[in-house]
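*Asks:* Model the following, please.
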Amino acid sequence: MRQKITNSFKKITSLWILALVLVAFLPYSQAYAQTKVLTRGNPNLPYMSLTFDDGGSVENVKSVLETLDKYEVHASFFFLGSFIEQNPELMKVIADKGHDVGNHSYSHPYFTKVSYNKIISELSSSANAFKKATGYDMKPYVRPPYGAKNNTVLNAISDAGYTHTVLWNVDTNDWKKKTSNEIVNHVLANAGSGNIVLMHTTANSNSAKALPKIIEGLQSSGYKLVSISELMEASSYTAPKLGVDEISEVEFLNNLLYTKTGSFLSTAEEIKKSAAELSLIEGTSNISFSKAYTKEEMIAMIKKLYPLKSDIDKKFANVEFKKSNLEQIIKLLKEYS
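*Replies:* Numbering: from 1, shown residues only. Predicted coordinates:
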């Protein structure tokens, strides 16, 4: 009987320890997953990005595509999931042409006025519709309806797997039934390196009619018109290529340092500074949420942090350095500390 009680106590204790470990990781995961809000690219490079929201009018969308083809320009679209469902073939054409298509929700609610779960549902429904129509993933870009955001919105967007929330810094207000000339004049008057222009393809917008003159005017002023992906690449950003189960550079370093210090750091800058002080990385190195180290690089850092341990290669030879395996990695590292 005593043996059974002891075994039960051990099981309960183990479960409590596991729960505490998971809770310890939760604040960090939430803090470091938050999506990057993008309103402009590099202001020192002559690139601009034209973006189109909602969908709405198939005629306008097709007109925009014809104009983009004519001038050999890539753009970015943020369609509603309801529009995607109604026009799957059109979505496939757009995606195959190399344009960006980001998530703009399914039904266009104010994200700041709905629950976290509603935001997740809206993003999921839209992404599923696009995946079914094209076979492509909508990630990593999302644009919340009306550009409305707060911490709940950004956390939901992050937890849904979108690393970049794309806003704008030039608003045509074309939904107010501006004439095509008014739209052209506004865009050209507010042209600038790195600028992101917001337009719509809804029935009440004249942006499709204005587009040829917008492109001609911007190109004659020396601007290269690109998609958001191309804008980020040109701006020396790295378009996110992090897999769902990959451990980002920031996350790996913070967890590695945790095994030595027993606590997580609050910002990427703190992590970078601490890692550089311990010679895990160069002081001039950048660490990213959207890139991952190779297994060889991670093991090399472990060796630097625990230089007296001679069994590191053997211990981690068959260990997969993945997010889903992070608990095992930390457990093995804690044996050294």
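*Asks:* Could you use CA atoms for every contact and neighbour count after this?
*Replies:* Will do.
*Asks:* so how far is Leu90 from the residue lying closest to Ile281 once chain neighbours are set aside?
*Replies:* Nearest residue to Ile281, sequence neighbours excluded (C-alpha to C-alpha, 6 or more residues apart in numbering): Ala275, at 6.0 Å. Applying C-alpha to C-alpha, to the nearest Å, the value for Ala275 to Leu90 is 48 Å.
*Asks:* For the two, indicate the residue with more neighbours.
*Replies:* Set Ala275 next to Leu90 and count neighbours by other C-alpha atoms under 10 Å: Ala275 wins out with 20 against 16.
*Asks:* next SSE after the strand or helix carrying the more buried one?
*Replies:* Assigned by DSSP states H and E, Ala275 belongs to helix 268-277. Per DSSP H and E, the first helix or strand lying C-terminal to helix 268-277 is helix 295-305.
*Asks:* how far does that next one sit from the chain's center?
*Replies:* 27 Å (C-alpha atoms, centre = their mean, to the nearest Å).
*Asks:* what does stretch 147-165 give?
*Replies:* Offset of stretch 147-165 from its chain centre (C-alpha atoms, centre = their mean): 9 Å.
*Asks:* Pull out the buried residues from stretch 253-270.
*Replies:* Going by neighbour count (16 or more other C-alpha atoms under 10 Å), the buried part of stretch 253-270 is 253-259, 264-265, 268.
*Asks:* which residues are contacting the helix or strand Ser158 falls within?
*Replies:* If you go by DSSP H and E, Ser158 is part of helix 151-159. Around helix 151-159, the neighbours that count as contacts under C-alpha atoms under 8 Å, 6 or more residues apart in numbering are 30, 33-35, 111-112, 116-117, 119-120, 123, 142, 163, 165.
*Asks:* Could you export the residues you listed as JSON lines, including pLDDT and neighbour count?
*Replies:* Shown next, in JSON lines, are the contacts of helix 151-159 (pLDDT from 0 to 100; neighbours: other C-alpha atoms under 10 Å):
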{"residue": "Gln30", "pLDDT": "36", "neighbour count": "13"}
{"residue": "Ala33", "pLDDT": "46", "neighbour count": "20"}
{"residue": "Gln34", "pLDDT": "74", "neighbour count": "22"}
{"residue": "Thr35", "pLDDT": "87", "neighbour count": "25"}
{"residue": "Phe111", "pLDDT": "96", "neighbour count": "24"}
{"residue": "Thr112", "pLDDT": "96", "neighbour count": "19"}
{"residue": "Tyr116", "pLDDT": "95", "neighbour count": "16"}
{"residue": "Asn117", "pLDDT": "96", "neighbour count": "10"}
{"residue": "Ile119", "pLDDT": "96", "neighbour count": "26"}
{"residue": "Ile120", "pLDDT": "96", "neighbour count": "19"}
{"residue": "Leu123", "pLDDT": "97", "neighbour count": "26"}
{"residue": "Val142", "pLDDT": "97", "neighbour count": "26"}
{"residue": "Thr163", "pLDDT": "91", "neighbour count": "25"}
{"residue": "Thr165", "pLDDT": "95", "neighbour count": "23"}
